[in-house]
Each structure stands twice: as C-alpha cells, then as structure tokens.
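In: need the 3D shape of this:
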Amino acid sequence: MVLLNSDICIAPWNMLRIENSGNCYICTSNFHKISLGNIFEKSFDEIWNGNEIRKIRKNILSKNDYSYCKTELCLKFGVNAIESYGFKVPEELEEYTKDYPKLIYFAFDCSCNQKCVFCRDEVSMMSKEEVEKWTNVFEEKILPIIKYVRIVELNHAGEFLDGKFSRNMISKMLEINENLEFNLITNGVSFNEKNIKSLGIENKINTIHVSLHSATRETYKKIFRRDNFNKVIENLEYIKRLKKDNKIKNFEIMFVICSLNYKDILLFINLTKRFFARPSFSLINYNSGAEYASEKIEYEIFSPFHRHYNNFVKILKNDLLKEYMNSLPPHLLTLDYIGKKQVISNYINYFKRRKDK
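Out: All right, here's what the predicted structure looks like:
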C-alpha cells in the first residue's frame, strides 16, 4: 500500500512509542500493525535497529510501501509530527540508523485521577510490582539513551501528574539531559503553576495536550464521572498564560467524539479559541495506551447505525467546522468525500478490526 503522495514518512527514523505492555511501535499501535519488539525482552538497540523496523524502513525507501501501517487511519501522522517539531530530515536514509529517536512516547504509567468513560471504570495507580518492573526497565534500557533524545511525550496511558513514577522519570531524565523538552498529555485537573514549577519543567514544555472532551460542566460530568470542570478551566487559564509568554510552543485541547458529547462540538471549538488553543478531535476507538472501560457501543455516534447518527452528521456539516477539517479523524472526513455507503463499509471494516484485537 502506498500513501497518496510521494512524501516519505520519516517517523521510523525519528520516533518510538513504548506502551504499557512493553511493546514498542513507531507511532502507535492504532496506526501500526506490528510491534517492533518488547522492551522487557530486548535491548533498546535491538528494537530500534532490529529486524522489524529495518524491514519497514527498507520497504519505505525501496518501494514507498506502507503496508505495515494502517494508512486508512493515518493522515501522514509521522510526517506531520516531525515537521511540526522542526526535526531535520537526514540527507540519506538507510535501513540502519546510527541516530537514536528524537521523539519518544511513553505510554506505560496507567496511574490516573480520573475515570473517564473512554479509558477506565475506576481511578487507578501503578502497583508496587509494576513500579519496580518499570523502574528497572527504565533505568537499565531507556535512561541511558535519553541524552540523545530531544522530546519525550508523556503520558499516553494515564495522568503524568498523578503518577509518582512519571514524576520521578522526569527528574531523572533532566539530570541526564538538561535540554530535554516535553510534550505533556494531561486531563488538566492537577496542571497548575505550583505542580509544574515543582517539577522544574515550566520552561521545558514543547506541547501541551489537554483532554477535555466537553464544553460544558454537564457534559464533562458525563464523560469523567467527576465534577472537576471549573478546576480544569482555571488551569487552562494558566496554560494560556504560558502560551502567551512563549513558554510553550503548542497548545492543544482534545475532544474524543462520542454520543455523550457530540452536541458540544461547536461550543468546544469556541472554547478552544478562548484559550488560543488548537482543537484536536479523535474517535472513541483510539488506543492511547490505557485500557478501555467495558464495551459501550452506544457511545459510538460515528456509526451510521447509531440512532442519532443523522443529527451528528448535521453538526459535522456546520460552517464552523470547515477550517478544522484537518483536525478531524479520517473516519469523519469520509463523510463529505465518499458518501454514506462507503462510510458504512469503512465502519464495518473498522469494527471487524476492533473485534480482532
């Protein structure tokens, strides 16, 4: 399978994601079909220049072949990410690379102070055994290469401010690489000036992604099953100041679309404008590293079989969304371009893939 244009995705030479299973991927298991190896079983070098990733690089270089990728879900994810962070493309790309990844995604600390319907049914913390297991792997296999890394993104599996393990990781990484930058994924509840300054990272943030998934207090309570909306809004004001003072480069507020919140989509866009943030939309099936709560098919408003699907489509066709089409997931982009019949086919195929996982 070949991408729709001739641009080479350089993610296999620049990015690595480590998930809570220990499996490693170029970007995410949702966009990529195979694991590059497991960090509990292999060394970092065996994964980064192992057989699997070298096959992928070879296919891209020799045939512009992206058959290892789920291109139906990816809109040049790797290319866009690399370009947005200003990474330079090497003059020559080969199967083997002497350079370590410039961007590493951590998705293995599942500690979280929320229980949103997309991720988990209960608040969670890493067990003592999990902390010990990951501490050993982190210190032996990951920490030694941090001096070569430019950006670390955390946490795709939970709330980095709620996990003692994640906070300790940040401290240890900065001891190794004082120029390290961070992309931070947060639910915003604890993202305040006191906590960020205590970690010593206020001037080391590249991008902040805030999971909000709502534009009103009522919807927020349905999604997170807790009443922290006003606290998060207060903390968004702090992030807004960071952006205004040029202490962060990118500010994104995330919205996972489902039947509980789709009516907030237009209000959400106006809310992001208030905080000078970029809206980011995704679907409930996106695997961000955390375990999903019990199956709730009725949440999948993007299914043509959902009873409120037509109402959802009307919102997508609103003029306010036109300038944000690139922020919408590929499944939703198809609504305007290939018609409902093909969307149904895409959804059936997507559902089959999900059941196969």
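
In: return the backbone torsion pair for Trp13.
Out: With angles defined as degrees, to the nearest 10, Trp13 sits at phi -110, psi 0.

In: test my guess that it contacts Asp99.
Out: Yes: counting by CB atoms under 8 Å, Trp13 touches Asp99, with 7.3 Å between them. For the C-beta atoms, the positions are set from N, CA and C on the backbone; glycine is no exception.

In: higher neighbour count, those two?
Out: Trp13 (23 against 10; other CB atoms under 10 Å).

In: per-residue confidence at the more buried one?
Out: For Trp13, the pLDDT comes out at 89.

In: distance check, it against Arg150.
Out: To Arg150, Trp13 is 13 Å away according to CB to CB, to the nearest Å.

In: also Met254?
Out: 23 Å.

In: same drill for the two, tell me which one is more crowded.
Out: Neighbour tally, Met254 and Arg150, criterion other CB under 10 Å: the higher count belongs to Met254, 22 against 18.

In: what does the helix or strand harbouring that one rub up against?
Out: Assigned by DSSP states H and E, Met254 belongs to strand 250-257. With CB atoms under 8 Å, 6 or more residues apart in numbering as the test, strand 250-257 has contacts from 84, 118, 206-214, 236, 239-240, 242-243, 261, 264-265, 268, 271-272, 275-284, 286, 301-302, 329, 332.

In: tell me what the next helix or strand after that strand is packed against?
Out: Reading on from strand 250-257 to the C-terminus, the next helix or strand found by DSSP H and E is helix 265-274. Counting contacts by 3 or more CB pairs under 8 Å, 6 or more residues apart in numbering; DSSP states H and E, helix 265-274 is packed against strand 250-257, strand 278-283, helix 309-316.

In: which parts of helix 265-274 are buried?
Out: Within helix 265-274, the residues scored as buried using 16 or more other CB atoms under 10 Å are Ile265, Phe268, Ile269, Leu271, Thr272.

In: what of stretch 273-283?
Out: Applying 16+ other CB under 10 Å to stretch 273-283 flags Phe275, Ala277, Arg278, Pro279, Ser280, Phe281, Ser282, Leu283 as buried.

In: stretch 141-154 now?
Out: Buried residues in stretch 141-154 (16+ other CB under 10 Å): Lys141, Ile142, Leu143, Ile145, Ile146, Val149, Arg150, Ile151, Val152, Glu153, Leu154.

In: one step back: could you save the buried residues of helix 265-274 as TSV and add columns showing pLDDT?
Out: Formatted as TSV, the buried residues of helix 265-274 follow (pLDDT from 0 to 100):
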residue	pLDDT
Ile265	95
Phe268	97
Ile269	95
Leu271	97
Thr272	96
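
In: how much space separates the nearest residue in space to His156 that is not next to it in sequence from Leu184?
Out: Nearest residue to His156, sequence neighbours excluded (CB to CB, 6 or more residues apart in numbering): Ala107, at 3.4 Å. To Leu184, Ala107 is 13 Å away according to CB to CB.

In: run the chain-centre distance for stretch 307-327.
Out: Mean C-alpha position of stretch 307-327 versus that of the full chain (CA atoms, centre = their mean, to the nearest Å) differs by 22 Å.

In: now do the phi/psi pair for the residue nearest to His156.
Out: Torsion angles, degrees, to the nearest 10, at Ala107: phi -140, psi 50.

In: is it in a bridge, and if so with what?
Out: Beta-bridge partners of Ala107, counted by DSSP bridges, are Glu19.

In: and the angle for the strand holding Met254 with strand 278-283?
Out: 30 degrees (axes from the mean of the first three to the mean of the last three CA atoms, to 10 degrees).

In: and strand 250-257, what's its mean pLDDT?
Out: Computed over strand 250-257, the mean pLDDT rounds to 93.

In: what does stretch 279-298 give?
Out: Mean pLDDT, computed over stretch 279-298, is 61.

In: can you check stretch 144-152 too?
Out: Computed over stretch 144-152, the average pLDDT equals 96.

In: who's in contact with it?
Out: Residues outside stretch 144-152 that contact it (CB under 8 Å, 6+ apart) are 44, 85, 87, 99-104, 106, 173, 176-177, 179-183, 206.

In: again, only this time at 6 Å
Out: Phe44, Tyr100, Lys102, Leu103, Ile104, Met173, Ile176, Asn177, Glu181, Phe182, Asn183, Asn206 (CB atoms under 6 Å, 6 or more residues apart in numbering).

In: make CSV out of these and add neighbour count.
Out: As requested, the contacts of stretch 144-152 are exported to CSV (neighbours: other CB atoms under 10 Å):
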residue, neighbour count
Phe44, 22
Tyr100, 19
Lys102, 18
Leu103, 23
Ile104, 25
Met173, 22
Ile176, 14
Asn177, 16
Glu181, 20
Phe182, 20
Asn183, 23
Asn206, 20
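
In: those residues in helices, which ones?
Out: Phe44, Met173, Ile176 (DSSP state H).

In: pick the one among the residues you listed closest to Lys222.
Out: Met173 (36.4 Å; CB to CB).

In: contacting residues for the closest one?
Out: Neighbouring residues of Met173 by CB under 6 Å, 6+ apart: Ile146, Leu180.

In: same question for Arg217.
Out: Phe229.

In: Arg17 and Thr135: what is the separation?
Out: Applying CB to CB to Arg17 and Thr135 gives a distance of 20 Å.
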